[in-house]
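Peer 1: Sequence isn't available, so here's the structure alone:
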Ligand SMILES: [Mn+2]
């Protein structure tokens, strides 16, 4: 039962809060404004998370943030998309189980963000689009499937927030995004730059997506920012490619020393153009996010990564992903829980 101060207002008992009870029964700050604002026509009611005061958080079929599962792209402004592929991992596997566990942990998310004063579920039509179909035996075929799946959503004007999966999935997503928007700026939170050329002769892995994206003209010199870089590399020459393409790098050490001030001057450069955001959970220290494939010590804390994501507000974000959550290596589901919260914060800056 939603407390509104008006005893006659009773939310209906549909498993999803329908537009009628959202409009009439929710506190003013949670009321839907997006339907009037959007220029597109929708047929389904405005999607809302299941009301935890009607159906306890641990009940029901698991979806991202207890939103309805809507598979019609044309009904959505923002699609939460699972991409359960980890055929690009080089060390510890497991991110194929990422979407499922992030869904489970996201049951605790409440709709209002007091830090940013926003309810993303009212602002936009957001739903769980489900998982894209992947081919666990072929990275090339999986890339085709991802690009096609994302393109279908972009075509009707929806933005995609993808949950991996390993970091290789960002390449086919970016391919689809670039076909719609042209070359994009990239903000990457990551312990590694993922700009390696190849691994065991393969051009496609979770260590190579952004080098391929540069080669394919999806990314542009000077318009890539990487935050949280740290750990050992094979040699100093591992940064040659990044330097040649004027990649903006804020190492974890630099961030620990200077905080947000180390990042903000770079963000200002990105204000005018379409930006894609990719968040590798290994940007966060394994003490906070142990469930990942290639953990590096000395990383960000939970509050630091939350603060960094919140700092993206105001940018023209055309899509984003959250990758490399590996539930088999998680402890007490803390990595999936952090990922679920970061997913919500990403929605709040769109
Ligand atoms: Mn990565």
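Peer 2: Happy to help now that I have it. What you see is a predicted model; the values in this text were computed from it and never measured.
Peer 1: First-to-last residue distance for stretch 245-259?
Peer 2: 25 Å (C-alpha to C-alpha, to the nearest Å).
Peer 1: what sits against the closest residue to the ion within the stretch 1-150 of the chain?
Peer 2: As assessed by C-beta to the ion, the ion sits closest to residue 88 within the stretch 1-150 of the chain, at 9.9 Å. To be clear about C-beta, it is placed using only N, CA and C from the backbone, and glycine gets the same treatment. Contacts for residue 88 (C-beta atoms under 8 Å, 6 or more residues apart in numbering) come out as 139, 166-169, 204-206, 209.
Peer 1: is the ion contacted by stretch 264-280?
Peer 2: Yes. Judged by C-beta under 5 Å from the ion, stretch 264-280 and the ion are in contact via residue 280.
Peer 1: quick one: buried residues of that stretch?
Peer 2: 266-267, 270, 273-280 (16 or more other C-beta atoms under 10 Å).
Peer 1: what does stretch 310-317 give?
Peer 2: Applying 16+ other C-beta under 10 Å to stretch 310-317 flags 310-312, 315, 317 as buried.
Peer 1: Please apply the same query to stretch 166-184.
Peer 2: Neighbour count says stretch 166-184 has 166-178, 180-181, 183-184 buried, by 16+ other C-beta under 10 Å.
Peer 1: which two in the buried residues of stretch 264-280 are spaced the farthest apart?
Peer 2: 273 and 280 (22.3 Å; C-beta to C-beta).
Peer 1: interface residues of the stretch 151-300 of the chain facing the ion?
Peer 2: So the stretch 151-300 of the chain meets the ion at 167, 190, 194, 280 (C-beta under 5 Å from the ion).
Peer 1: Of these, which belong to helices?
Peer 2: Judged by DSSP state H, those include no members of helices.
Peer 1: Correct me if wrong: residue 92 contacts residue 293.
Peer 2: Yes. With contact defined as C-beta atoms under 8 Å, residue 92 reaches residue 293; the gap is 4.6 Å.
Peer 1: Please say which of those two ends up with more neighbours.
Peer 2: A direct count of neighbours by other C-beta atoms under 10 Å for residue 92 and residue 293 places residue 293 higher, at 24 against 16.
Peer 1: what's the distance between the more buried one and residue 302?
Peer 2: 19 Å (C-beta to C-beta, to the nearest Å).
Peer 1: Report how many residues lie close to residue 239.
Peer 2: So residue 239, with other C-beta under 10 Å, has 15 neighbours.
Peer 1: Repeat that for residue 199.
Peer 2: Residues near residue 199, counting by other C-beta under 10 Å: 14.
Peer 1: Mind pulling up the pLDDT for it?
Peer 2: Looking at residue 199, its pLDDT reads 95.
Peer 1: Reduced to three states, what does the closest residue to it other than its chain neighbours come out as?
Peer 2: Nearest non-adjacent residue to residue 199, counting by C-beta to C-beta, 6 or more residues apart in numbering: residue 205, 4.7 Å away. Assigned state for residue 205: coil (three-state reduction, DSSP: H, G, I helix; E, B strand; the rest coil).
Peer 1: State the number of residues packed around residue 205.
Peer 2: Using other C-beta under 10 Å: residue 205 sits among 21 other residues.
Peer 1: list the contacts for it?
Peer 2: Per C-beta under 8 Å, 6+ apart, neighbours of residue 205: 88-90, 139, 168, 196, 198-199.
Peer 1: Please enumerate the helices of the chain.
Peer 2: Under DSSP H, the chain gives helices at 19-25, 34-37, 98-105, 120-123, 139-155, 170-181, 209-215, 240-244, 252-258, 264-269, 302-310, 334-348.
Peer 1: Common neighbours of residue 92 and residue 293, please.
Peer 2: With C-beta under 8 Å, 6+ apart, residue 92 and residue 293 have common neighbours 326, 329.
Peer 1: wait, which of the helices of the chain is closest to residue 324?
Peer 2: Short answer: helix 98-105, nearest of those by C-beta to C-beta, at 7.6 Å.
Peer 1: got the buried residues for that closest one?
Peer 2: Buried, per 16+ other C-beta under 10 Å, within helix 98-105: 98-99, 101-105.
Peer 1: which residues touch the residue in the stretch 51-200 of the chain positioned nearest to the ion?
Peer 2: Proximity of the stretch 51-200 of the chain to the ion (C-beta to the ion) peaks at residue 167, 3.7 Å away. For residue 167, the contact set (C-beta under 8 Å, 6+ apart) comprises 88, 190, 194, 206-207, 209, 278, 280, 323-324.
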